[in-house]
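Colleague: Let me see the structure of the following:
(2 chains)
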Amino acid sequence: MSNYFSPFVLPFLFGVIALIVICLIKYIRWYKQFDRLQKTILLKNIFSLRFLSAIWETVMEALFHRKIFKRNFLLGYMHASIALGWFLLIVVGAIESELALETDKPFWIGIFYRYFIHDPQAFPNAHFFAHLMDFILLIVLSGVILAYVKSVFSRFFGMKKTSKHVVFDRFAKFSLWLIFPLRLISESFTAALYNNGGFLTQGLGDLINYSVADILEIPAWTLYSFALGTFFVAMPFSRYMHIFTEVILIFLRKWGLSENENVSGFTMYELSACSRCGICIDNCPLYKDLKLQGVQSIYFLRDLRYKRPKEEIADNCLMCMRCMAECPVGLDLMTIRRQLRNKKELDTNDNYKYIDNLQSFNSIGRVIYFAGCMSHLTPGIIDAMLTIFDKVDQKYWFMDKDKTICCGRPLMQQGFTIQASELRRKNTQLIKQSGANMLITSCPICYQSFKKEYNLPIQVMHHTEYIHMLIKSGKLKVRKDDLKVVYHDPCELGRACGIYQQPRQILKTISTLLKTKNEKENSLCCGYNLGNTVIEPEQQGEIRNAALGSLIAKNPDVIATACPMCKKAFKRATNCNVKDIAELVKENMIL
Amino acid sequence: MKKVAIIGAGPAGIEAASILANQQVEVLLFEKSLNTLSNMLDKAYLFPDFSPANDLVDKLNKKLLHQQITLFTGTEITDVKKDGKEWKVIDAKGMSYIVSAVLLTSGYSVFDAKRKEELGYGIYNGVITSIDLEKMIKYNQIENSMGDKPKRIVFLQCVGSRDEKSGNNYCSKICCVTAVKQAIEVKKLLPDTDVYIFYMDLRMWGQSFEEMYRESQEKYDVSYVRGRISEAASTFDKKIQIKAEDTLLGVPLKMTTDLLVLMVGMEASCGTKTLAETLHIKGEYGFAKSLNCHLQDNETTQQGLFIAGSCKRPMGINETLADARSASVIIMDYINAMQENDK
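Modeller: Numbering: from 1, shown residues only, chains lettered A, B, ... in the order given. Reported below is the predicted structural model:
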């Protein structure tokens, strides 16, 4: 038995063992739930150098919480001070005990160091370590105090709405909040007795009566140990499971794993990596504009983790990806949502019999123009694109002019994955047979589909990319008009595919582009995204009006967008001109 | 003082002005545009009796030649305020007029078909609205985009009415019968032209509407297809190709036509919307709201403020005129009661 043991260590010991056992059981079980492909990828990459960048990301995100800092300084400081501070308390505590003791170093010694090592001169520079440990504790405490404040005044932390939690979360949270004040008190009592504290604990200890400290020292350390034990036992069942899981997830991602069509072990890691910070709530259009609660990603993931969420919640999401842009852990929230929209069992086989009759068209030396179903409802965009093709003498095959099939993405969004793959198979065949060297689409929905869900041997471009290329290479000559334009980033083109620059470059060339409040990854969804099948047209209108309000704030002459869906949404509700970039370019072509 | 301000010189405003003037009331009639009856000027014939619209326009305008009526054209009313027992009406130039009662007859405007881009209005020349066709009928110039006589004309009902997506869930009431009327007129002028009407339901609610509908099929060979047109596109020879579903046969269909006529619905006019808002009598879809639709359909929550005609809801001309006459009676009662009290 070690010299450095006292019965009050037991709750802590029990907690640590429980934590390790429960986590191992969970992690191994989830690993077993990986599908064959995921396991192959993992084994292939696990011994590569990718772990270096994983370590870097772990430090930046899991310890420093860079993404949260970017969003709000106080919120970032709160997370970083607790995570990094606690990590340092453990590491520096371990170094301290390493320096002080030669043999007999039980692993808990760093946690209870001051209680067991009374000599303030235990090793050279021991004083410095005492001050350093106090300083780190002070940082952690400041984070904990901020957490108290945040639970009352979340607004100061840039959050209007904070999340509601399950019972385990409350247990874990209250024990977490107690751990560091109890450590401060325990160390101060010990410092009062043995004068071995740093600036903070000794300062407090000097204020404490010796006999009081003598009586209360052991109870204080016991409470501290209990708080730690409680937290460790509750942790794997609470949102704090994210502390370890987030790190593992960073490594898994670096090793090449991602979500696939079905809920897998990887999904379980993602669910547990969600810290339920609630950052996704405020900017969700369904909360921001409709005040709908309980459908946001945080609640969806929580319900999925503890029980199966209701189908309606899975369906009640615009898939605008606004939450993904905000998520500090970078979870693949859209794919997880789609996994729960599984409708592939529905028998729709007969619906797709007709597609076998479709014929390809010899397009060697041509490009394929795939307008998209939505562009067929905005013929102005098609008209503009065909005019531009003629203008630059580009021969094309208008693939979906007549008798055509959809790209498949709307079906996939709704969980008809098998049906969608039928369409993709046929489209791929038609495209390959045509011999064309490029596919240009006017619809960001199709664009994302062709780009990410197809594996096409030819280049895929959205028409903004194509037009940008034409203008840049001098093939298409345009003039600059005197209109003031704002640009609305469509979700499927911006957040989903990262096309932000080309549309802006085009607009700057032909008009004066005004800045708006919500740009690029912060752009607001027009409300008519095909992702949601639950909300009513009036509710779509509310979301649209919010986006519209931000666009017309500076009284532009034209609202430009690059998506037929967004165009239709805005056009219904404003007297301001709403045009696709292709239409504006057509108007500004030099003959 | 017996003085009433009427805002809007359409059928309702003029009819009410004339009746009130005959009762020795001094009427100030304000009209935003330079002409009275501007919505009626390009109308050819009126349903259900096919009487020339010009006749009605002339008769109504003649009623304005009354010494009790002062007509202010090109005068937009920007604000109306209660001023003690009286009302103060202020125009865009800042001139104000004190009256004892105000009648709002600011009317409707037609749905802007460009808002339904899938139907191609404003993009393809072959797509026109019922307003454009009425003008063509009036001047006997029914032509397609190439200047030729159309061999086929397709009408589409409910453009901007009964349509959740454009935000107008209500029925505009007059478009069904207008399409039947216009189809017959087209057939009278161009007997060899095929005419199709795409509809959701045909609402032949008025006197002799049903008979017109029947006659259009039996005598004029107009074809009716139940189903909505989902999109329109241009063909290489500048015709319009439409995609639709025949919901009675349950089959999708495509059709090429020389002209596609969109039967645009009625919306509250810009003036109706803003005045209803400032006067706190805004009802659904921006129309003005009456106190109740049975016994107090010309009265509002504001004492001395009355409403008549299509600023309340979609209405045909005959209904509008009747509503204006009923408003006049109520206004007379109101003014007389006011004078009784003053004594």
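Colleague: Tell me how many other residues surround the residue of the stretch 51-200 of chain B found nearest chain A.
Modeller: Chain A sits closest to B:E118 of the stretch 51-200 of chain B, with a gap of 3.8 Å, by C-beta to the nearest C-beta. (C-beta placed from N, C-alpha, C; glycine too.) Neighbour count for B:E118, taken as other C-beta atoms under 10 Å in any protein chain shown: 20.
Colleague: Next up, the contacts around the closest residue to it other than its chain neighbours.
Modeller: With sequence-adjacent residues excluded and distances taken as C-beta to C-beta, 6 or more residues apart in numbering or on different chains, B:E118 is closest to A:L377, at 3.8 Å. Under the criterion of C-beta atoms under 8 Å, 6 or more residues apart in numbering or on different chains, the neighbours of A:L377 are A:P564, A:K568, B:E117, B:E118, B:S230, B:E231.
Colleague: Roughly how far does A:L377 sit from B:L119?
Modeller: Counting by C-beta to C-beta, to the nearest Å, the gap between A:L377 and B:L119 amounts to 9 Å.
Colleague: same deal with A:Y240?
Modeller: 56 Å.
Colleague: What segments of the stretch 251-400 of chain A are strands?
Modeller: Under the criterion DSSP state E, counting those that start in this stretch, strands of the stretch 251-400 of chain A are mapped to A:367-370, A:396-398.
Colleague: Tell me the helix or strand right after the shortest one.
Modeller: Once strand A:396-398 ends, the next helix or strand along the chain (criterion: DSSP states H and E) is helix A:409-413.
Colleague: Going toward the C-terminus from that next one, what's the next helix or strand?
Modeller: Per DSSP H and E, the helix or strand that comes after helix A:409-413 is helix A:417-434.
Colleague: Buried ones in that following helix, by neighbour count?
Modeller: Across helix A:417-434, burial judged by 16 or more other C-beta atoms under 10 Å in any protein chain shown covers A:417-424, A:426-427, A:430-431, A:434.
Colleague: And stretch B:138-158, by the same measure?
Modeller: Buried residues in stretch B:138-158 (16+ other C-beta under 10 Å): B:K138, B:I142, B:N144, B:S145, B:P150, B:R152, B:I153, B:V154, B:F155, B:L156, B:Q157, B:C158.
Colleague: Same list (those) but as a markdown table, adding pLDDT.
Modeller: Below are these laid out as a markdown table (pLDDT from 0 to 100):
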| residue | pLDDT |
| --- | --- |
| B:K138 | 95 |
| B:I142 | 93 |
| B:N144 | 84 |
| B:S145 | 76 |
| B:P150 | 95 |
| B:R152 | 97 |
| B:I153 | 97 |
| B:V154 | 98 |
| B:F155 | 98 |
| B:L156 | 97 |
| B:Q157 | 97 |
| B:C158 | 96 |
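Colleague: I figured A:I355 was touching A:L423, is that so?
Modeller: Yes: A:I355 lies in contact with A:L423 (C-beta atoms under 8 Å); the separation is 7.0 Å.
Colleague: Please enumerate the shared neighbours of these two.
Modeller: With C-beta under 8 Å, 6+ apart as the test, A:I355 and A:L423 both reach A:I405.
Colleague: Show me which residues of stretch B:156-176 are buried.
Modeller: Across stretch B:156-176, burial judged by 16+ other C-beta under 10 Å covers B:156-163, B:166-168, B:170-176.
Colleague: near chain A too, which of those?
Modeller: Counting by C-beta under 8 Å from any C-beta of the partner chain, B:S166, B:G167 from those sit close to chain A.
Colleague: What is the neighbour count of residue 84?
Modeller: Defaulting to chain A. Neighbours of A:L84 under the rule other C-beta under 10 Å: 19.
Colleague: let's do chain B instead
Modeller: With other C-beta under 10 Å as criterion, B:G84 counts 7.
Colleague: How about the residues of chain B by chain A?
Modeller: B:114-115, B:117-118, B:120, B:123-124, B:164-167, B:230-234.
Colleague: need the strands for the stretch 51-200 of chain A, in chain order.
Modeller: Using DSSP E, counting those that start in this stretch, the stretch 51-200 of chain A contains no strands.
Colleague: list residues touching both of A:L377 and B:L119?
Modeller: What both A:L377 and B:L119 touch, as defined by C-beta under 8 Å, 6+ apart, is the set B:E231.
Colleague: Show me the helices in chain B, by range?
Modeller: B:11-22, B:53-63, B:130-138, B:175-189, B:209-218, B:270-278, B:317-342 (DSSP state H).
Colleague: Give me whichever of the ones you listed is most buried.
Modeller: Across the helices of chain B, averaging neighbours per residue (mean count of other C-beta atoms under 10 Å in any protein chain shown) puts helix B:11-22 on top, at a mean of 26.
Colleague: Thanks again, I'm all set now.
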